[in-house]
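Peer 1: Sequence first, then the predicted structure, then my questions.
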Amino acid sequence: MRPQAQRVSLLLPALLTIGLLFIVPLGFMAFVSTLQRGADGGVIWTRHSIDAYVQFLFERDLADNLVINTDYIRIFLRSIGLAAITAVSTLVLAVPTALWMAFQPPSRRTLLLFIVTVPFWTNLLVRNYSWVLMLRNGGVVDWVLIGLHLRTESLDLLYTPLATGIGLVYSFLPYMILPIYVSMEKIDRRYIEAAFDLGANRIRAMQRIILPLAMPGITGGLILVFVPCLGAFISPELLGGAKSMMIGSLIQQQFGQSRNWPFGSALAFVLLGLILIALWLHALRYRRAGKVAS
Amino acid sequence: MTAAHVADIPSRELDVAAPVRRSADHQAAVECRGLVKTYGPVRALDNVDLAIRPNEFFTLLGPSGCGKTTLLRSIAGFSTQDSGSISVHGQRLDGLPAYRRPVNTVFQSYAVFPHMSVARNIAFGLEMSGHPKDKVAARVREMLALVRLEGMEARMPAQLSGGQQQRVAFARALAPGPRVLLLDEPLSALDQKLRTGMQLELKRLQRDVGITFVFVTHDQHEALTMSDRIAVMSGGRILQIGSPEEIYERPTARFVADFIGETNLVEAEKIGPGRYRIASGIELDAADGGAVGQTVTLVIRPERTVLEGRDGGLLPGSVDQVVYEGTDTTYHVVLQQGDRFRVCEQNRTGARPRFSRGDAVSIALPRDAIRVLSA
């Protein structure tokens, strides 16, 4: 029995970490989402209810009948749309950047990697506030455009979906560049030389060799940007204003002003469910592609 | 696949290749003039002149860093020379990017595209030059037969052995129908047994396809077995160009003599026509070379000398080491002045080595075993 005990004791730190930091809090929130809300916030620990999940799709009209309410679905769709646009925009910016970085001499690559990760050392909130200063009426963007006589009045950029988009793309760009850079840097240069040798010009080599071989980095980057973007809170809150609410702000509101913890938890779990389904579909496709290849 | 069948494969149908086919046959397949390439203070190519004949198996041989790979990469277009020019069948390649040059390369460690099947790999070059689908498919089948990989077209590179990947790399490079194929140490990643097999296979391929092979290797044995002609390189220069026999039997430089095969190099003074005196005062006869009074180097191959008992030979010494190598036995003999001398004997009868460590022996030097280098 000694090896058995040894195995358990060695596994213990990992089990504790996963349990305390992952399963317990998530389980707690799942539990909260099935409780009845308290009158002044919080929950009533003894009363169970599925009201929170019902509220996502339905509301009660004046005659107390359940009718479909699309408000929350619209917020979800808007968030998914904005996350998708952000993912595609960061991809378009990241591919040429990563390609250029990967083909620099090794010493310069280290410096460029450092520059890409510099924003991580600064608070995300501060960085988004700096975009408020840039985009607001009479801010840096207006000042430059008017100064160059390109425009005569303000663009009114702040508190628009575009401002949210700019903020999200800015915040998540490093998460797209890094995995793509890593996969491009690993590509054996001889594959590219072989492509040139066989008559492929730069564009063909890009299409047929570099992009397919960088695919793991590209899908990784898309997941790393799209998923956190769905629940992003800071950029939409600071730059988007009240008109274009996203999931993150909605959830925050339930735990704040609305004092509806069960609904807030339920929203978080609906989001988690959607993400897991999407990842599962991706894994399924990936496995099938792997089977075809082998 | 017979030679006749493969011979009518059209040359690569690129516009740039068009003038090539009209050119005369006596023209060099590859011609380099005054090639210079420097990396910082290092001269990788130091004024290289070279003319490779059509349809020959030409080998660039030398130790690592001698410039052979730089020369090959300059022809392929992956490296730009500082000065000098390169032509292939009369067409100047200077300034042309790699993808517009009428040559193809087989890379060291294959560089078979890992995300494409065998067939897609072989088809790549043909697709790039815009051949119609049915032509590509036919050519791919032809290439698979040529390298004996029929039935493997759907395999991915990760499912192939090293030798099979090597064949895919050959087929891929040959498929566009280049008139010159460049090979950058293509066999160095294979184990010894497989390598010997692939050497014969490569030689067969070159005969069947009937095009010029420019082969880079640091393995002198490989060079001697496969080549029609060899260029021995050192320090960015070509020291000698010749057939394997010429390079081995009549080296013109001390480096070539030392690099190719096992060699005893003995300093001597020329004291008369065909007469030389070595350091120990012993005089011997050899072919004429150099001027009287000049110091020359005698190149003596270990397998051309004979080990005799104490008094039978010319150079006295004692056996220091006996190395049994299967087909041969090499005796390391210490001469009276302390110089070491190698004598190699074939193990014909399976008998035990004739001498053992510590035996007093003498070395017989037939006149034709000695090559005189006056430089």
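Peer 2: Arrived safely. Small disclaimer: the values here were computed from a predicted structure and weren't measured.

Peer 1: mind checking the SS state of residue B:79?
Peer 2: For residue B:79, the assignment made with DSSP: H, G, I helix; E, B strand; the rest coil gives coil.

Peer 1: Give me the number of neighbouring residues for the closest residue to it other than its chain neighbours.
Peer 2: Of all residues beyond its chain neighbours, the one nearest residue B:79 is residue B:73 (4.0 Å), with distances taken as CB to CB, 6 or more residues apart in numbering or on different chains. No exception for glycine: its C-beta is placed from N, CA and C like everyone else's. By other CB atoms under 10 Å in any protein chain shown, the residues close to residue B:73 number 21.

Peer 1: ditto for residue A:133
Peer 2: By other CB under 10 Å, neighbour count at residue A:133 equals 11.

Peer 1: Where does pLDDT dip in the chain?
Peer 2: In the absence of a named chain, this looks at chain A. Low-confidence segments of chain A (pLDDT under 70): A:1, A:288-294.

Peer 1: if you could check chain B rather than the one you did, that'd help
Peer 2: Applying pLDDT under 70 to chain B flags the ranges B:1-26, B:350-351, B:375.

Peer 1: need the residues of it near chain A, please.
Peer 2: B:14, B:76-78, B:97-100, B:103-105, B:107-109, B:111, B:113-115, B:124-125, B:128-129, B:156, B:159, B:172-173, B:176 (CB under 8 Å from any CB of the partner chain).

Peer 1: What strand or helix carries the residue nearest to residue B:79?
Peer 2: Using DSSP states H and E, residue B:73 falls within helix B:68-76.

Peer 1: could you point out which element follows that helix?
Peer 2: Next along from helix B:68-76, by DSSP H and E: strand B:83-88.

Peer 1: quick one: that next one to helix B:68-76, angle?
Peer 2: Counting by axes from the mean of the first three to the mean of the last three CA atoms, to 10 degrees, strand B:83-88 points 70 degrees away from the direction of helix B:68-76.

Peer 1: who does the next helix or strand along the chain from strand B:83-88 pair up with?
Peer 2: Beyond strand B:83-88 in the direction of the C-terminus, DSSP H and E gives the next helix or strand as strand B:91-92. Paired neighbours of strand B:91-92 in the sheet (DSSP bridges): strand B:83-88 (antiparallel).

Peer 1: Give the buried residues for the partner strand.
Peer 2: B:84, B:86-88 (16 or more other CB atoms under 10 Å in any protein chain shown).

Peer 1: same deal with stretch B:310-323?
Peer 2: B:313-319, B:322.

Peer 1: so which pair among these is furthest apart in space?
Peer 2: Using CB to CB, the buried residues of stretch B:310-323 span at most 20.9 Å, a distance reached by B:314 and B:322.

Peer 1: wait, which of the buried residues of stretch B:310-323 is closest to residue A:6?
Peer 2: Of the buried residues of stretch B:310-323, the one sitting nearest to residue A:6 (CB to CB) turns out to be residue B:322, at 55.6 Å.

Peer 1: Just to be sure, that closest one is in a helix?
Peer 2: No - counting by three-state DSSP, residue B:322 is located in no helix; its state is strand.

Peer 1: Just grab the bridge partners of it for me.
Peer 2: residue B:331.

Peer 1: outside of the helix or strand where residue B:142 lies, which residues touch it?
Peer 2: Using DSSP H and E, residue B:142 maps to helix B:133-146. For helix B:133-146, the external contacting residues (CB atoms under 8 Å, 6 or more residues apart in numbering or on different chains) are B:1, B:6, B:9, B:118-119, B:122-123, B:126-127, B:131, B:150, B:152-153, B:171-172, B:174-175, B:205, B:208-209.

Peer 1: Quick check on residue A:186: phi, psi?
Peer 2: Backbone dihedrals for residue A:186, given as degrees, to the nearest 10, come out at phi -80, psi -20.

Peer 1: can you pull the buried residues of the helix holding residue B:73?
Peer 2: B:68-76.

Peer 1: Distance to residue B:285 added to those, as CSV?
Peer 2: Output for these, formatted as CSV (distance: CB to CB, whole Å):
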residue, distance to residue B:285
B:68, 38
B:69, 43
B:70, 43
B:71, 40
B:72, 43
B:73, 47
B:74, 46
B:75, 45
B:76, 49
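
Peer 1: Pick the one among those closest to chain A.
Peer 2: residue B:76 (6.1 Å; CB to the nearest CB).

Peer 1: if I look at that closest one, how far off is residue B:36?
Peer 2: 18 Å (CB to CB, to the nearest Å).

Peer 1: I'd say residue A:239 and residue A:170 touch.
Peer 2: No - using CB atoms under 8 Å, residue A:239 is not in contact with residue A:170, being 9.7 Å away.

Peer 1: Where does the stretch 151-300 of chain B get nearest to chain A, residue-wise?
Peer 2: Scanning the stretch 151-300 of chain B for the residue nearest chain A gives residue B:156, at 5.7 Å (criterion: CB to the nearest CB).
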